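Enquirer: Quick one: sequence plus predicted model below, questions after.
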Amino acid sequence: MTTKESYMYKAVRPVRVPGAKPSIQQVWEMLHWGSRLIVTPNDYRTHRLYMRGIRRSDALRYLSGPRAEGLYPVLNPDPEVLEDKIRYERHFGGLGLPVPETLAVIADEARPDGLRTLTTATEVRQFLEAELGDGAGLVVKPVDGLKGAGVTVATGIDGSDLMLSNGDRRPVSELVEETRVGTWIVQKRVVQHPEIEALNSSTLNTLRLGTLRRSDGRVEIIFAVLRVGRAHSQIDAYDHGGYSVRLDPQTGAFADQAYQNAIFSLERSRAHADSGAEFAGRIFPFWGDLLTLAESFARASGPNIFVGWDVAATPDGIVFLEGNHNWGAHLAQIDSRGMLTDELLEALDAEAGITFDVRCPPAVKPLTALRKLRK
């Protein structure tokens with residue numbers, strides 16, 4: 001078997017669990033539905049479409065990553081105000097809304113807006129040593145980073161090493177060298193609410209909240225999914241092996257079980273494997289305040305109408321960490337029957353002229369499907 005053949009087989013490998021469809025049916029559905037961009041193979045496994053009784057009409061209610069990519073520019077034409085972390089803080093923080101505090105920027109030259117800028121390796125090192133020496137935890141990340149890429153969460157300093165949130169150590173010199181390329185920000189580490197900290201303490205466990213702003217000013221909550229990291233990690237990302245648990249948009253109540261990305265596990269979990277904390281019976285703190293703030297953030301997001309917000313609960317209240325124009329279709333549909341409900345279809349048509357036919361699959365696009373096979 002060639003490398004390409006081996007990869008293709010792995011991509012469409014069937015799931016063998018009690019109640020699953022026959023293997024040949026699974027492979028056929030992954031290829032057939034995938035060629036029409038209904039679902040990718042990973043979608044197929046993550047959303048458990050391999051189980052008996054799941055029909056094509058059920059699959060059509062899911063929005064695959066490849067199809068979602070075409071929606072983001074239409075729904076959110078100004079992504080920079082959401083994802084450039086300095087612009088985000090200046091815009092929303094300037095309106096009095098709760099956002100993270102940036103202590104300094106690491107860049108080649110001083111910023112014209114007066115924000116403290118560290119332009120040399122010596123300045124970066126001295127700043128980190130001074131701030132961490134005072135006992136303040138810090139987060140260092142690229143100004144335009146996505147999905148936790150490049151994030152370092154330091155809880156202290158010991159000699160020439162940073163003490164990281166997951167118990168690891170990292171030489172200060174290594175981080176200083178990494179930040180010499182590009183623009184980085186240094187923020188105070190957000191202290192999370194004890195109820196959320198109990199799930200996993202090495203990561204800031206954040207809520208991905210999807211809001212849709214209607215033309216009449218109404219703001220609808222489309223989904224709410226909490227991401228919980230693993231003990232070995234510094235970030236809570238679903239793509240890094242973390243858990244995702246669906247929340248009731250009205251009450252903030254946790255679902256009984258959490259999910260992982262299918263590339264890590266197909267099992268549903270009632271408790272966190274590292275902390276042992278159970279998911280059932282919990283409510284996300286300050287939920288009423290969170291919903292009120294969500295309306296304010298959504299109405300202040302300019303031309304962007306369907307945003308995925310990353311939200312943290314602290315002992316003192318809610319902080320909206322950042323907005324995402326790409327809200328992650330796979331994450332938004334965890335533990336659901338798909339997001340293409342009649343209500344959302346009506347809203348997308350009314351607000352953006354986007355239509356989906358959930359009765360008939362799209363035309364076959366095999367070349368596009370092959371390019372998207374890894375998603």
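Expert: Looks like it came in fine.

Enquirer: For Val124, which residues are in contact?
Expert: Contacts for Val124 (CB atoms under 8 Å, 6 or more residues apart in numbering) come out as Ile106, Leu118, Val176, Thr179. Where C-beta positions appear, they are placed from N, C-alpha and C, glycine not excepted.

Enquirer: ok, now Val27?
Expert: Per CB under 8 Å, 6+ apart, neighbours of Val27: Val12, Pro14.

Enquirer: which SSE is it in?
Expert: Here Val27 sits within helix 23-35, counting by DSSP states H and E.

Enquirer: Report the buried residues of that helix.
Expert: Gln26, Val27, Glu29, Met30, Leu31, Trp33, Gly34, Ser35 (16 or more other CB atoms under 10 Å).

Enquirer: just those now: which is nearest Gly114?
Expert: Gly34 (51.0 Å; CB to CB).

Enquirer: Format the CA atom coordinates belonging to stretch 83-102 as PDB.
Expert: What follows is stretch 83-102, C-alpha atoms only, in PDB (Å, rounded to 0.1, in the frame of the first residue of the first chain):
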ATOM      1  CA  GLU A  83      -8.900  38.900  16.000                       C
ATOM      2  CA  ASP A  84      -6.300  41.600  16.200                       C
ATOM      3  CA  LYS A  85      -5.900  41.500  20.000                       C
ATOM      4  CA  ILE A  86      -4.800  45.100  20.400                       C
ATOM      5  CA  ARG A  87      -7.500  46.500  18.200                       C
ATOM      6  CA  TYR A  88     -10.000  44.300  19.900                       C
ATOM      7  CA  GLU A  89      -9.000  45.500  23.400                       C
ATOM      8  CA  ARG A  90      -9.000  49.200  22.300                       C
ATOM      9  CA  HIS A  91     -12.400  48.900  20.600                       C
ATOM     10  CA  PHE A  92     -14.400  46.900  23.100                       C
ATOM     11  CA  GLY A  93     -12.500  48.000  26.100                       C
ATOM     12  CA  GLY A  94     -12.900  51.600  25.000                       C
ATOM     13  CA  LEU A  95     -16.700  51.000  25.300                       C
ATOM     14  CA  GLY A  96     -16.300  50.000  28.900                       C
ATOM     15  CA  LEU A  97     -16.800  46.300  28.200                       C
ATOM     16  CA  PRO A  98     -14.700  43.700  30.100                       C
ATOM     17  CA  VAL A  99     -11.700  42.500  28.100                       C
ATOM     18  CA  PRO A 100      -8.200  41.300  29.000                       C
ATOM     19  CA  GLU A 101      -5.600  43.800  30.100                       C
ATOM     20  CA  THR A 102      -2.600  44.100  27.900                       C
END
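
Enquirer: tell me the secondary structure for Leu209?
Expert: What DSSP: H, G, I helix; E, B strand; the rest coil gives for Leu209 is strand.

Enquirer: wouldn't it be in contact with Ala224 here?
Expert: Yes. Taking CB atoms under 8 Å as the definition, Leu209 is a contact partner of Ala224 at 5.3 Å.

Enquirer: Which parts of the stretch 201-350 of the chain are helices?
Expert: Using DSSP state H, counting those that start in this stretch, the helices assigned to the stretch 201-350 of the chain run over residues 287-299, 329-332, 342-352.

Enquirer: so can I have CSV of those helices showing mean pLDDT?
Expert: Formatted as CSV, those follow (pLDDT from 0 to 100):
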stretch, mean pLDDT
helix 287-299, 98
helix 329-332, 92
helix 342-352, 96
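
Enquirer: Give me whichever of the ones you listed is most buried.
Expert: Mean neighbours per residue, mean count of other CB atoms under 10 Å, is largest over the helices of the stretch 201-350 of the chain for helix 329-332, with a mean of 22.

Enquirer: Counting by contacts, list what that helix packs against.
Expert: If you count contacts as 3 or more CB pairs under 8 Å, 6 or more residues apart in numbering; DSSP states H and E, helix 329-332 packs onto helix 41-46, helix 65-69, strand 207-213, strand 219-228.

Enquirer: One more pass at 6 Å, please.
Expert: Contacts defined by 3 or more CB pairs under 6 Å, 6 or more residues apart in numbering; DSSP states H and E place helix 329-332 against helix 65-69.

Enquirer: Tell me which helix or strand comes right after the helix it packs on.
Expert: Per DSSP H and E, the helix or strand that comes after helix 65-69 is helix 72-75.

Enquirer: Can you give me the domain assignment for this structure?
Expert: 1-63+367-374, 77-98+192-333, 102-188 (the TED database).

Enquirer: of the ones you listed, which approaches Asp342 most closely?
Expert: Per CB to CB, nearest to Asp342 of the domains of the chain: domain 1-63+367-374, 9.7 Å.

Enquirer: quick revisit: which one of the contacts of Val124 sits closest to Arg299?
Expert: Set against Arg299, the nearest of the contacts of Val124 by CB to CB is Ile106 (32.6 Å).

Enquirer: Which pLDDT value does the model give the closest residue to that closest one other than its chain neighbours?
Expert: Nearest residue to Ile106 in three dimensions, chain neighbours excluded: Trp184, at 4.1 Å (CB to CB, 6 or more residues apart in numbering). Listed pLDDT for Trp184 reads 91.

Enquirer: Next, the distance between the ends of stretch 335-343.
Expert: 18 Å (CA to CA, to the nearest Å).

Enquirer: show me the contacts for Gly137.
Expert: By CB atoms under 6 Å, 6 or more residues apart in numbering, the contact set of Gly137 is Thr155, Arg189.

Enquirer: Against Val191, how distant is it?
Expert: Gly137 sits 8 Å away from Val191, going by CB to CB, to the nearest Å.

Enquirer: Many thanks, we can stop here.
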